[in-house]
Each structure stands twice: as C-alpha cells, then as structure tokens.
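In: with the sequence up front, the predicted model follows.
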Amino acid sequence: MEEDIKQNEQSELRKKTRKELIGSGIAPYGRAFSRSPIREYLGENFAENKKARVAGRIRAKRGHGKTLFMDLFDQSGKIQVYVRKDSIAEAAFSIAEKTDIGDIIGVEGSLFKTKTGEVTVIADYVEMLAKSLHPLPEKWHGLKDVETRYRQRYLDLIVNSEVRDTFIKRSLVIKTIRDHLDSRGFIEVETPMMQSMAGGAAAKPFKTHHNALGIDLYLRIAPELFLKRLLVGGFEKVYEINRNFRNEGISRRHNPEFTMLEVYEAYSDFSGMMELAENIIVDIHKKVNAGGVVRHNDTEIILDRPWKRISLIESVKNETGVDFLAEKNFMQTADKLGVKVETEMSKWEVINKVFEHAVEPKLIQPTFVVDYPSEMCPLSKTKKDNPDIAERFELFMAGQELANAYSELNDPVEQKERFLEQAKGDFLKVDIDYVKSLEYGMPPAGGLGIGIDRLIMVLTSKESIRDVILFPQLKPEA
RNA sequence: GGGCCAGUAGCUCAGUCGGUAGAGCACCGCCCUUUUAAGGCGGGUGUCCUGGGUUCGAGUCCCAGCUGGCUCACCA
C-alpha cells in the first residue's frame, strides 16, 4: 500500500531513517513525554544549570561534526537545543543525529546561555516522539501557495506564525463574546442544525436525508426561529454561537458554513441591540486587540462609540445624489449607476441593489444603517408610526455587512401573513409550528445576529474569509 | 455559472526570440565541539498541472480540461 504512493527523494530517505530507528530498537513514534512548555524556561524563568524537559518540533538544525544545534518549537515558544557527543550517551547522540527538520522530539538537559546570550538546553537525553516523513516548507520564505495553505492548513500553522496568531485571536474573540453575554445574564443554548424547514433567512439550504425517519432534512440557514421559540418558553436572554450553512456561491466573503452569533433579549428592541452590538464589539477590540489599531487597507477604523447611524435611503442619497423614493425612473437611474436591475424588481429591491453596489463598499467606519422597508424584513416589527418601515438595523464596517438586528415581530397573525407573502401563498413553505409558538405569546424582544467570521476579518485586517476559517471549503483535489 | 490571471525541484522563485531545465533554502557525501539564515568543498534530486495540436524541435505558441486567485453574477 505505502509502496503505491510515489514519493520524492527526501521522503524516501526519511522513511529509510524510520526503518533504521526501528531496526536499532528505537520507536520512531513515542508515547507520553512529561515536559514543561518552552516559555517556562525563557526570560525571567531562566536560571543557569536549571533542569529542563521540553518537547516540540525541530525547525532548524546546525550540525558541527561532534556537536549539533537545533531550534525546537512548541506552542509556547522556541528554545535552542545543544547536543554534544562528549556529554551524552552514545545512543542518544545517534538519535539526535538521525533527526530531521520537522521531527518532534523530547529533550532533557540543563539550561545555559551561549556567547550571544541565547537560552539553550544542553541535552543529556533525547527521545524521538514523531518522525516526520516530509520536508517542511522553507524556513525563510515560509509557505505562500494559497492552495496548499488551505488544503494543508497544518503546514501553514507550523510555518506561518501570523496564521497561528490569527486563529488564537479568533478563539479569544469567541471567548470574549461568551464572557460578555454571560456576564449580562444571557444563557448559551444549542438549537437544531438539521431542520425539516430551513427558516429564518432566505438562502438556499443544503439538503440531507434521515434514513430511519424517512424524511429529508435541511442544514440550518439560521437558528432564529428556534431561538425565538425559547423566548416563548420563558428564557429571556439567550444566545447561540454556531454554524449556519448556506448553499450559495463561495467568495472572499462567503463560505458555505460560517459562524453566527444570534442573541435574543426579551423586553428589548432593535435599539437595545444596537447598544449591545457596540458594547460587545468594543469590548472585543479592547481585550483581543488591546486597543491596537484596526485597519482596512490604509484607513484606520475608529471604534469609539457611538457609531454613526443613517437611514438606508439617506445613505443612498449621500453616495449617489439620487433621492430614490422620489425618483420615478428609478430603473433607468439605477442602470445608469451601473447597477444591474431586472424589470420585475420592486422599487425597494432596486434601492437595496443600489445600496449594495454604491454605498456598502464605502462604509468603512462602523455604521448602523436603519429604516429598511418592511417588505424586506418578514421577521421584524414595523415602526410604530410607519408600517412600511421595519425596526431593523444592519451594521457595516470595512465595507461589509457585519450584523443584522430587529425588533422581533411577535404578532402571530401578522407573522403568518408575512410568511405567506414571502412564500407567495404556498402554505407548505410557511413554518406553521413557529407561528403556533407565537400564538402562545412571545414577549416583545430585540434580536441580533453577528457574523463572527467577518468580525474576525475586520479585527485582523484580513481580506478573505478563508484566512479566518481553519479549513475553508475547497473543491476536492482531482 | 461568466470574464481575467496563475500553475516549473520538497519550499520560494527565475527561465530571453520556440533550441532540449536553473538559483536560494531544503536534501545527499566529506570536513568541522558555542552555532543560530553557521561555515568550507563536492552533488540537481524535475510528470515544467493534465491531455491533445502546430513545429525539425514546445516550459515557452494554439485548443480542451483540472485546480486555485481576483472579479461579476448569486447571496435579505
């Protein structure tokens, strides 16, 4: 089997070394090795002759005949290992000699500093923990090929430390969100990923099949309708951080599965959610970015509160000079602006298109866009004094949509009508079970969704969603 | 799905007008007991993405395909 795999010369040599190790009674793949993180021997923790036990991956090796130096990396840092033939058992020296860059080893020894002051472990014991059978990408230029970086993310993580940092940051962002919401009395819940109706948004779902039940199921496109059922059930502050799946195009800003935060707070509304969104994001910036500068291209993004608020129609007027509400020939006007419109589009659909084309890319600083037409927001309450306008905002930053919030519609009769409108009268496409839950009474509430991947893109100044998702979706290799 | 661009050694890249494949790192051999992008001497290890075509001759030109990037479309 393994002979079938065509290997290059370097891999062949490493396989040969693996066999040689086994031949001389040395396991090329070791077992548990008790050690301390490398960082615990560096800086203030350094003491001359202190005993050290470390383990990690060899990233550089400099042989000198009867001695050799290695750079050993673990997650916490890098330490130099020094092996001398005259101060170590012969067997251990021969293991050290047989190591290749990329191997994972355990080392025991004592600390000292070299002439240049580098903290070094002089080894008196070396153990092979994992033989690496492939050469690592080059130490100086790293791994640049984007396809390889995504397909073999482990290599990207080994070699490109800024990639590692991005994903550590991602973890901190999510932890900060949890801490923030937990401290405000929210509880985290989990709702179905597999749903018999894919509701809560308008995207195309992925379809799957449950054999025992004999039914088709859909991967969720949003958790919204389940989270609101929990409001009916008496949970007043709930949130979920989890994956949504949308069967749409893949792009710099779209991955078929992406992580969404959805928050619902009973007795609040969309302006409460506005404040919450500001609070959460500013908190993350403070804790994760340590107040550092966030940039989009060359522009610094200023996160100081309060953020700008503007109505959809105003923002379009500001950028295009056109008051689309008053405009009779809105189709031609939109077309002149370079927006692709189709004859069956409503005026608001055209306005929304113009917004996405002309305004969205320019919303670099955090901006709440409000006053969306209610026809585009079937789950949102309308304004008290204007049923045509929804109590909704979308948050934009770095030229893209980051969040979306409503005052949640809690009138079951109106909800059913709006669903029917959206489904163009097709009862089968209406989530009657959700409407039924509203019929028992859902408290007025605010709901907020934040796209976590995009938020991390903004906070880490990444241009592509693939740089903040560990394993982005790619076509399988042919 | 459309348009544009890219794919050469394990990695990062060069390759002129179409003339028979090249650098650094890595690797192999020899030397070297404080090096750190160690050093010295010697060595090129290749399905030039794949398959066709043009040509005396193709990494290079043409066609088709694969994968990726950007972009448009799609995506409340």
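Out: That came through fine. Residues are numbered from 1 along each chain as shown, chains lettered A, B, ... in the order given.
In: who's sitting farthest from the centroid in chain A?
Out: Distance from the centre of chain A peaks at A:Asp86, with 50.3 Å (Cα atoms, centre = their mean).
In: now the longest helix seen in chain A: mean pLDDT?
Out: Longest helix in chain A, counting residues (DSSP state H): helix A:161-183. Here helix A:161-183 scores 96 as its mean pLDDT.
In: okay, now the sheet partners of the helix or strand following that helix, with direction.
Out: Next helix or strand after helix A:161-183 toward the C-terminus (DSSP states H and E): strand A:187-188. Applying DSSP bridges, strand A:187-188 is found paired with strand A:237-245 (parallel).
In: got the buried residues for the lowest-mean-pLDDT helix or strand in chain A?
Out: One helix or strand of chain A scores below all others by mean pLDDT, DSSP states H and E: helix A:330-336, with a mean of 85. Across helix A:330-336, burial judged by 16 or more other Cβ atoms under 10 Å covers A:Phe330, A:Met331, A:Thr333, A:Ala334. C-beta coordinates here come from the backbone N, C-alpha and C atoms, glycine included.
In: now swap in stretch A:298-307 and tell me
Out: Result for stretch A:298-307 [16+ other Cβ under 10 Å]: buried residues A:Ile301, A:Leu303, A:Trp307.
In: kindly report the same for stretch A:386-400.
Out: Applying 16+ other Cβ under 10 Å to stretch A:386-400 flags A:Ile389, A:Ala390, A:Glu391, A:Arg392, A:Phe393, A:Glu394, A:Leu395, A:Phe396, A:Met397, A:Ala398, A:Gly399, A:Gln400 as buried.
In: what comes up buried for the longest helix of chain A?
Out: Buried, per 16+ other Cβ under 10 Å, within helix A:161-183: A:Val163, A:Thr166, A:Phe167, A:Lys169, A:Arg170, A:Leu172, A:Val173, A:Ile174, A:Thr176, A:Ile177, A:His180, A:Leu181.
In: now stretch A:126-143 - C-alpha only, CSV.
Out: Output of stretch A:126-143 as CSV, limited to C-alpha atoms (Å, rounded to 0.1, in the frame of the first residue of the first chain):
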residue,chain,number,x,y,z
VAL,A,126,16.9,12.9,23.5
GLU,A,127,13.8,10.9,22.6
MET,A,128,12.1,10.6,19.2
LEU,A,129,8.4,11.4,19.6
ALA,A,130,7.3,11.6,16.0
LYS,A,131,9.3,11.1,12.8
SER,A,132,8.3,13.5,10.1
LEU,A,133,8.3,11.9,6.7
HIS,A,134,8.2,15.1,4.6
PRO,A,135,10.4,18.1,4.4
LEU,A,136,8.8,21.3,5.8
PRO,A,137,8.4,24.4,3.6
GLU,A,138,11.3,26.7,3.5
LYS,A,139,12.3,28.5,6.7
TRP,A,140,12.9,31.9,5.1
HIS,A,141,10.0,32.4,2.7
GLY,A,142,7.6,30.1,4.5
LEU,A,143,4.6,28.6,2.7
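In: what's the farthest-apart pair in the buried residues of helix A:161-183?
Out: A:Val163 and A:Leu181 (28.0 Å; Cβ to Cβ).
In: any idea how far A:Leu438 lies from RNA strand B?
Out: Applying Cβ to the nearest atom of the strand, to the nearest Å, the value for A:Leu438 to RNA strand B is 16 Å.
In: measure the closest residue to that residue other than its chain neighbours to A:Gly441 for me?
Out: The spatially closest residue to A:Leu438, leaving aside those adjacent along the chain, is A:Pro412, at 3.7 Å (Cβ to Cβ, 6 or more residues apart in numbering). Separation of A:Pro412 from A:Gly441 (Cβ to Cβ, to the nearest Å) stands at 9 Å.
In: of those two, which one has the most company?
Out: A direct count of neighbours by other Cβ atoms under 10 Å for A:Pro412 and A:Gly441 places A:Pro412 higher, at 17 against 10.
In: buried ones in stretch A:59-74?
Out: A:Arg59, A:Lys61, A:Thr67, A:Leu68, A:Phe69, A:Met70, A:Asp71, A:Leu72, A:Phe73, A:Asp74.
In: next one: stretch A:305-322
Out: Quick answer for stretch A:305-322 (16+ other Cβ under 10 Å): A:Trp307, A:Ile310, A:Leu312, A:Ile313, A:Ser315, A:Val316, A:Lys317, A:Glu319, A:Thr320, A:Val322.
In: so how far is that stretch off the chain centroid?
Out: 29 Å (Cα atoms, centre = their mean, to the nearest Å).
In: could you do stretch A:393-408 as well?
Out: Using Cα atoms, centre = their mean, the offset of stretch A:393-408 from its chain centre is 17 Å.
In: ends of that stretch, what's the gap?
Out: 12 Å (Cα to Cα, to the nearest Å).
In: and if you look at stretch A:131-144?
Out: End to end - Cα to Cα - stretch A:131-144 spans 24 Å.
In: what about it, near RNA strand B?
Out: Yes. If you take Cβ under 7 Å from any atom of the strand as the test, stretch A:131-144 does meet RNA strand B, through A:His134, A:Pro135, A:Pro137, A:Glu138, A:Lys139, A:Trp140, A:His141, A:Gly142, A:Leu143, A:Lys144.
In: what's the pLDDT at the residue nearest to the third one when sequence neighbours are not counted?
Out: The one in question is A:Pro137. Nearest residue to A:Pro137, sequence neighbours excluded (Cβ to Cβ, 6+ apart): A:Leu143, at 3.9 Å. You'll see A:Leu143 listed with a pLDDT of 95.
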